[in-house]
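Engineer: Sequence plus predicted model, see below.
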Amino acid sequence: MQVSKSRRVFLIVNAIFMLLVCLAIVLPLWMVVITSLSSNEVAAAEGFVFIPKGLEWTSYQAVFSSSGYTGAFIRSIGVTVSATALSMALTTTMAYALAQRELAFRKFFMNAVLLTMVVDGGIIPFYMVVKQLGMIDTYASLIIPMAITTYNLILMRNFFQSLPESLMESARLDGCSEIGILCRIVLPISVPILAAILLFYAVGHWNRYFEVIMFINSSKKYTLQVLLRQLIFQSEGDGTYSVQVNNFKMAVMVITMLPILALYPFIQKYFISGLMLGSVKG
Amino acid sequence: MPGKTLQSLQTQPTSKWQLFLKRFAKQKYIFMLVIPGVIWFILFKYYPLRFIYNAFTNYGTVAHPRFTGLANFQRLFLSPNFWRAFRNTLILSFYNLIFYFPIPIILALSLNELKNHFAKKAAQFVIYIPHFLSWVVVGGLFNMMLAPSDGIINKVLVSTGILSEPIYFMASVKWFRTVLVGTEIWKSAGYGAVIYIAAISSIDTQLYDAAAVDGAGYWARTWHVTLPGIRNTIATVLLLTLARVMQMFEQILVMYNSAVMDVADVLRTFSYVEGLNRGNVGYATAIGLFTSIVSVILILGCNIFSKKVLDEEIL
Amino acid sequence: MKKTLASVLAVAAVAASLAGCSSSTSSTASSSTASAGSTASSQAASSAVSDASQESAEPAELSLCMSQIRWGISVDDNHMQQWVAELEKATNTKIEMIAPTHNDYMEKLNVLLASGDIPDIMIPQQAWDYVGQFAVRGYIQPLTQYVENDERFAVVKSFDNSIYQSGDDIYGIPVNSGNNKIFWFRNDMIEKYGLEIKETMTTDEFITELKKVDQSEAIPFSFPKHIVNFQIFYNAFGAYGGILPDENGVYYDGIQTQEMKDAFAFIKTLYDEGLMDAEFITNENSNMREKIYAGTAVSDVDYTSRYINYLQSASSVGAPTDFTPMYSLVGPNGDLGTLNESGNEAVCVSVDCENVDAAMNLVHYLFFTEEGRMLYTLGVEGVHYDIVDNVLTPREDAVAAGYAVGLSDLISGWAAVDIQSLGFQFADTETAQIDKNIEITNKANVSYVGPLIKIPMGKSTLYDENVATYNSNLYEMATKIVLGSQTIDEAYADYEQFWKSIQGDKMLEELNAQ
């Protein structure tokens, strides 16, 4: 394909635009990282540090020298993994069923699902349901009640719906069961969207904070996010607390972010062009 | 629990009921797939709605709550702070739709055009990081960067001559909404682009090849292949954004202060303060109910608009 | 589509109303049993106040909802478990600890209360507002007989318990003996700029001295975003940010007074002259403190009990200095006062509590005995700290999890802990410094206490409904005036509208009806 001049200009402008966007994002993040690596003196004087003045690992060492973080870290991973698995199972099956045009009361179900995005009872009735199910102060309360995010469900359902009907029809004619169609035909060609939704769920569960505070009573079940908030706000009270300058807070912050960030490259490789459809449509 | 669906089904005429049974027999496997989700929704989304009854009581403020009719709503509609929150909710929702909504699409399209494979992956990764900072941290970060005394943004704007003197963005009635929308874009746009990136990935490459054979340039391909390819996703996300836009909350709770309440207090923060800080549960539920009704009207309105103008239902 | 949506709505509405009816009947049922239970338990309590023979009994089961930050301080759950075990051992109880983080404490507590899971013992913040509310809402039970008749709590009589009163009963017991905020100055800055800081300063002197600071080098006076702290200025002008009784007991609006306008004008001057932190409205307490620790600010407003903490923090960020307290501004009419935050935290006991005596034993142990207070503020030996060569030394893993020696809580408690005869010393802290801190705290508590006015709940429905809005409106109004987005006159014109919208005159009538 010939590359025209205007095309080349466009590509360069586009690259510059993307570079600026990345800079706008990286600079503040740079400050977070540099602050976490600065000494108490520098961090206290500047709040957030932009130009590094002697970097050290002391904040990170301080974080890792406490067994509290390790425990919370493991709990966070456990909750995130199991909650994401349940989320994906429930969301995929329901989205697939709702995408089937012949499903009875499909519209009713869809509207009922949509309605939950805007009509919300608030935290207190939610708490009461969790309590009636006997889940208060259990890990189940962090997994089951938050299993489906309506937003993700609808995204996935609409994607399934955009798949060519003929695919499923021919599979049905071949005598494939619905589960079989879902697992053998639909899921393999939906890998990019599944990867995206998986990421959304994993991030959502990992970052969860408010519900943990509400549903969990005993400190031994707290997740990493709770510890993070705890540390960030520790110096707000009126008692005597250790000095928690920004460097320490940001170190905890970075440590909290890293595991879920590390997930991204694994997910990213599924966002490959032309993975699907091309081969089957013909 | 699935009793509710059954109950509503039984009200159908018998013929329809039989028809349903027939269809059900035919598609029981599809039904089995939908049932776990339906149970979950009834349990965690619909069952708690019974609590909305409390919007008509003085629950939370007295030892023995009783039915008070529309008293909560009367109090609500008389409160100047409520109308302020309502106005701010609408304005901020509108801003978010106009300014925030297109940005993830632009980012995804722009990323798609990066030809260097490594640069593409790196950029994708970078724009998505801010989502992992909690609002508490983002709030603190921008608070510092926007500070009039030594904030980097003010320094840059003043030294380049764009501003003659620093602006206290975080305390400025004129600027605070811009700050809210701007930080929302900074934090979430890259993350929001992920869904479009995924959608673009699943466009059939043969379509591009065909377009290239037809001699279509970049814009033509974007217009005729890429955008139609992700059109469904855009419509879905628009609808979902509409549904969520009234719910914005945590960002504001973390970032607002008493200098900017006039432009920043929204219905959710208003109800949060009433319900969870002050324990006026009935009153807070009434605010929540009002918010829900407005959201439903908003969505239905947009649906009608889309049907009339775009000839397509987004629902 | 609309039809189906309508049908969904209809089904939901029917279901909601059906369920709503049933839940309302069940909730009245449960609340009536709850009130029956409370009378029974209060009778039991009155008959057994002096009976303290708990030794041989089975451990009493209690749920204790205490902000995670308030005990043991370390966020490491192992440390917390051992702390709880220590408390259980000392009080012969079996404790279910509910430990939300400090900043979410009231939210969690409100959810627990509203959904009927009332913890046996709770410690609300801003207790002067919440204790009365909780009492009216039927969540907590009266503790009057403990306050008035129980020798163990006799020291509390010196405290103005009316702030925890509802009807004729007292519902809360303060955690600390006195808690005031005063002005703090860095000594190195005082020397550098030649400031004359006295125990009390007139408003004019305050401005004159602050003006000596080179504003390009340091912020003369830092302040937190919490506008409620403006009361420390109002005090000097004899103004009060709220509704209050005059000398004849007639309630009036403290905002609509000339004194208040003068106070606003004074704060505005501070701000306009660049003396007050230009960015105070976005300062968390921690931001303000970081500024004064690091020496980017010369002075601020903070608790009397934080003196030692200030010393230690300033040296830990590499800017060590001593600090000088300034207790009160003196206004044109000689009015003065600290910012009175006494009674910010109070202990309350649930109406559903099955063993009130055990609960009060625990309260007594933790807040009124030397041993308990030390557990509360210092943690557990061998877990949070070790005594090495007669010096209390925090353990490394505890420090990493946020632990610090709670000296300021130790000296502001009810139990008179004799720090000289503890048999050990505190690391990095000279005994003289502790003595000085105690002296400062006592001086503020005795000589300069500012007003703290609490109108009991139930006097006026309008007041109960609107007091929170009234307060937040005051904060916004003060902010607008100080930041200059409105003149005082404009702000007061708006205020007139606001006063009408909350039916202010009728509210005063209701308050003055008795």
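Structural biologist: That came through, no problem. Residues are numbered from 1 along each chain as shown, chains lettered A, B, ... in the order given.

Engineer: Can you name the residues that contact the closest residue to chain C within the stretch 1-150 of chain A?
Structural biologist: Taking Cβ to the nearest Cβ, chain C has its nearest neighbour within the stretch 1-150 of chain A at A:Gly68, 3.2 Å off. Yep, even glycine has a C-beta here, placed from its N, CA and C like the rest. A:Gly68 makes contact with A:Leu227, C:Ser74, C:Val75, C:Asp76, C:Asp77, C:Asn78, C:His79, C:Ala401, according to Cβ atoms under 8 Å, 6 or more residues apart in numbering or on different chains.

Engineer: Buried among the residues you listed? Make that a ChimeraX selection.
Structural biologist: Burial among these is assessed by 16 or more other Cβ atoms under 10 Å in any protein chain shown; the matching ChimeraX selection reads:
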select /A:227 /C:74,75,76,77,78,79,401
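
Engineer: The contacts of A:Gly68: which ones sit near chain B?
Structural biologist: Subset of those in contact with chain B: empty, counting by Cβ under 8 Å from any Cβ of the partner chain.

Engineer: Need the contacts of A:Gly68 in a markdown table (columns: secondary structure and pLDDT).
Structural biologist: As requested, the contacts of A:Gly68 are exported to a markdown table (DSSP: H, G, I helix; E, B strand; the rest coil; pLDDT from 0 to 100):
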| residue | secondary structure | pLDDT |
| --- | --- | --- |
| A:Leu227 | helix | 81 |
| C:Ser74 | coil | 75 |
| C:Val75 | coil | 75 |
| C:Asp76 | coil | 80 |
| C:Asp77 | helix | 81 |
| C:Asn78 | helix | 85 |
| C:His79 | helix | 87 |
| C:Ala401 | coil | 77 |
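
Engineer: so which of the contacts of A:Gly68 comes closest to chain B?
Structural biologist: Nearest to chain B among those, with distances taken as Cβ to the nearest Cβ, is A:Leu227, at 12.4 Å.

Engineer: C:Leu64 should be in a helix, yeah?
Structural biologist: No. Applying DSSP: H, G, I helix; E, B strand; the rest coil, one finds C:Leu64 to be strand, outside a helix.

Engineer: ends of stretch A:42-61, how far apart?
Structural biologist: 18 Å (Cα to Cα, to the nearest Å).

Engineer: in it, what counts as buried?
Structural biologist: In stretch A:42-61, counting by 16+ other Cβ under 10 Å, buried: A:Val42, A:Ala43, A:Ala44, A:Ala45, A:Glu46, A:Gly47, A:Phe48, A:Val49, A:Ser59, A:Tyr60.

Engineer: Also stretch A:58-77?
Structural biologist: Within stretch A:58-77, the residues that count as buried by 16+ other Cβ under 10 Å are A:Ser59, A:Tyr60, A:Ala62, A:Val63, A:Ser66, A:Gly68, A:Tyr69, A:Gly71, A:Ala72, A:Phe73, A:Arg75, A:Ser76.

Engineer: quick one: which helix or strand includes A:Gly134?
Structural biologist: Assigned by DSSP states H and E, A:Gly134 belongs to neither a helix nor a strand.

Engineer: Let me know the distance separating it from C:Arg137.
Structural biologist: From A:Gly134 over to C:Arg137 the distance is 26 Å, taken as Cβ to Cβ, to the nearest Å.

Engineer: Tell me, what's the model's pLDDT at residue 279?
Structural biologist: No chain was given, so I picked chain A. The model reports A:Ser279 with a pLDDT of 31.

Engineer: Can you look at chain C instead?
Structural biologist: 91.

Engineer: and the residue nearest to it when sequence neighbours are not counted, what is it in contact with?
Structural biologist: Leaving aside its chain neighbours, C:Glu279 sits nearest to B:Ala147 (5.6 Å; criterion: Cβ to Cβ, 6 or more residues apart in numbering or on different chains). Contacts for B:Ala147 (Cβ under 8 Å, 6+ apart) come out as B:Asn154, B:Tyr168, B:Met170, C:Glu279, C:Thr282.

Engineer: same question, C:Val250
Structural biologist: Counting by Cβ under 8 Å, 6+ apart, C:Val250 touches C:Asn512.

Engineer: Can you name the residue of chain B nearest to chain A?
Structural biologist: Counting by Cβ to the nearest Cβ, chain B gets nearest chain A through B:Gly37, at 3.0 Å.

Engineer: where in chain C is pLDDT low?
Structural biologist: Applying pLDDT under 70 to chain C picks out residues C:1-56, C:69-73, C:514.

Engineer: Single out the residue in it that lies closest to chain A.
Structural biologist: C:Asp76 (3.2 Å).

Engineer: ok so, going back, the contacts of B:Ala147 into JSON lines, with extra columns for neighbour count, distance to C:Asn235 and secondary structure?
Structural biologist: Compiled in JSON lines, these are given as follows (neighbours: other Cβ atoms under 10 Å in any protein chain shown; distance: Cβ to Cβ, whole Å; DSSP: H, G, I helix; E, B strand; the rest coil):
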{"residue": "B:Asn154", "neighbour count": "20", "distance to C:Asn235": "35", "secondary structure": "helix"}
{"residue": "B:Tyr168", "neighbour count": "20", "distance to C:Asn235": "28", "secondary structure": "coil"}
{"residue": "B:Met170", "neighbour count": "24", "distance to C:Asn235": "28", "secondary structure": "helix"}
{"residue": "C:Glu279", "neighbour count": "25", "distance to C:Asn235": "24", "secondary structure": "coil"}
{"residue": "C:Thr282", "neighbour count": "23", "distance to C:Asn235": "25", "secondary structure": "helix"}
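
Engineer: Which stretches in the stretch 201-350 of chain C count as strands?
Structural biologist: With DSSP state E, counting those that start in this stretch as the criterion, the stretch 201-350 of chain C has strands at C:219-221, C:243-245, C:251-253, C:297-303, C:323-326, C:328-330, C:339-340, C:346-349.

Engineer: deepest of those, which one?
Structural biologist: Compared across these, strand C:346-349 shows the largest average neighbour count, a mean of 28 (mean count of other Cβ atoms under 10 Å in any protein chain shown).

Engineer: Which one of the buried residues of stretch A:58-77 is nearest to A:Met156?
Structural biologist: A:Met156 lies nearest to A:Ser76 out of the buried residues of stretch A:58-77, by Cβ to Cβ, at 25.0 Å.

Engineer: next structured bit after the host helix or strand of that closest one?
Structural biologist: Using DSSP H and E, A:Ser76 sits in helix A:67-99. Using DSSP H and E, the next helix or strand after helix A:67-99 towards the C-terminus is helix A:106-118.

Engineer: residue ranges of the helices in the stretch 151-300 of chain B, please?
Structural biologist: B:152-159, B:176-201, B:205-213, B:218-221, B:227-245, B:250-255, B:261-264, B:267-272, B:281-309 (DSSP state H, counting those that start in this stretch).

Engineer: out of everything not next to it in sequence, what's closest to B:Ile127?
Structural biologist: With Cβ to Cβ, 6+ apart, the residue lying closest to B:Ile127 is B:Gly190, at 2.9 Å.

Engineer: Repeat that for A:Leu155.
Structural biologist: B:Thr236 (6.0 Å).

Engineer: Can you list the low-confidence ranges for chain A?
Structural biologist: Using pLDDT under 70, chain A drops low at A:1-3, A:232-244, A:271-282.
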